[in-house]
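Enquirer: Okay, structure incoming, though there's no sequence with it:
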């Protein structure tokens, strides 16, 4: 659970750097160049297949852990406040995870699947001597829809909360926490979770108001 979570957290950094190409005022050339490279480089394609598997594994492990804890608790109430707080955090993480999984499925269906099914129009980019899939177009269409922008931003808030708890708990689960370094780990996790969620949320907001 922790190892798959750490891999996914590293992926989000790369994904955000790629999505920030959407902010270039170049008609989508930078973003389409990035998208083509990410979907045609053999090494990255191999890593992406591992990524899909880890998303499913992470979701399965999270749900199994949550259900296992509920079964072990057997409906009894804990007498220790700290334990109740831990249970509440785990319960929230499970619901956050479910929301994020639904978001990922919709996200892949709306963009990735259309590209794989050949439904995207071609686009010319300077980096290649042949047309590439114009993934920029459906992204722009989605981010000029106010309802989708609101939905996306809300999901980014949920992802930020999930990352904040997941970052700290990953270090704790792997035994990498230490009383001396815990404040630093928490601070880095705080900055990371806010930076990732705010960075992704900024993109549709910027596009919507700059259109």
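Expert: Now that the structure is in, tell me what you want to look at. Every value quoted in this text rests on a predicted model; they were computed, and no experiment measured them.
Enquirer: Show me where this structure has its helices.
Expert: Taking DSSP state H as the criterion, the chain contains helices spanning 2-19, 29-40, 42-73, 81-107, 113-116, 136-143, 146-173, 182-210.
Enquirer: With mean neighbour count, mean pLDDT and distance to residue 129 added, can I get those helices in a markdown table?
Expert: From N, CA and C alone the C-beta is placed, and that goes for glycine too. Shown next, in a markdown table, are those (neighbours: other C-beta atoms under 10 Å; pLDDT from 0 to 100; distance: least, C-beta to C-beta, whole Å):
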| stretch | mean neighbour count | mean pLDDT | distance to residue 129 |
| --- | --- | --- | --- |
| helix 2-19 | 16 | 87 | 22 |
| helix 29-40 | 19 | 92 | 12 |
| helix 42-73 | 13 | 78 | 20 |
| helix 81-107 | 14 | 70 | 31 |
| helix 113-116 | 14 | 82 | 20 |
| helix 136-143 | 18 | 94 | 19 |
| helix 146-173 | 18 | 88 | 34 |
| helix 182-210 | 16 | 92 | 29 |
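Enquirer: Can you say which of those is nearest to residue 123?
Expert: For these, proximity to residue 123 was assessed by C-beta to C-beta; helix 29-40 is nearest, at 5.1 Å.
Enquirer: Okay, angle between that closest one and helix 42-73 too, please.
Expert: 80 degrees (axes from the mean of the first three to the mean of the last three C-alpha atoms, to 10 degrees).
Enquirer: Which other helices and strands does helix 29-40 contact?
Expert: Packing partners of helix 29-40 (3 or more C-beta pairs under 8 Å, 6 or more residues apart in numbering; DSSP states H and E): helix 2-19, helix 42-73, strand 132-133, helix 136-143.
Enquirer: Which one of the helices of the chain lies nearest to residue 125?
Expert: Scanning these with C-beta to C-beta as the criterion, the closest one proves to be helix 29-40, at 5.0 Å.
Enquirer: Format the helices of the chain as CSV; extra columns: distance to residue 126.
Expert: Output for the helices of the chain, formatted as CSV (distance: least, C-beta to C-beta, whole Å):
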stretch, distance to residue 126
helix 2-19, 18
helix 29-40, 7
helix 42-73, 21
helix 81-107, 28
helix 113-116, 20
helix 136-143, 14
helix 146-173, 29
helix 182-210, 22
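Enquirer: and of those, who's closest to residue 128?
Expert: Residue 128 lies closest, by C-beta to C-beta, to one member of the helices of the chain: helix 29-40, at 6.7 Å.
Enquirer: now what about the closest one, what contacts it?
Expert: 18-19, 21-22, 24, 44-45, 48, 115, 123, 125-128, 132-136, 139 (C-beta atoms under 8 Å, 6 or more residues apart in numbering).
Enquirer: so that helix versus helix 136-143, what angle?
Expert: Angle between the axes of helix 29-40 and helix 136-143 is 110 degrees (criterion: the same axes, to 10 degrees).
Enquirer: now the angle between helix 2-19 and helix 29-40, please.
Expert: Following the same axes, to 10 degrees, one obtains 140 degrees for the angle between helix 29-40 and helix 2-19.
Enquirer: thinking in terms of the whole chain, how far from its middle is helix 29-40?
Expert: Centre-to-centre, helix 29-40 and its host chain are 19 Å apart (C-alpha atoms, centre = their mean, to the nearest Å).
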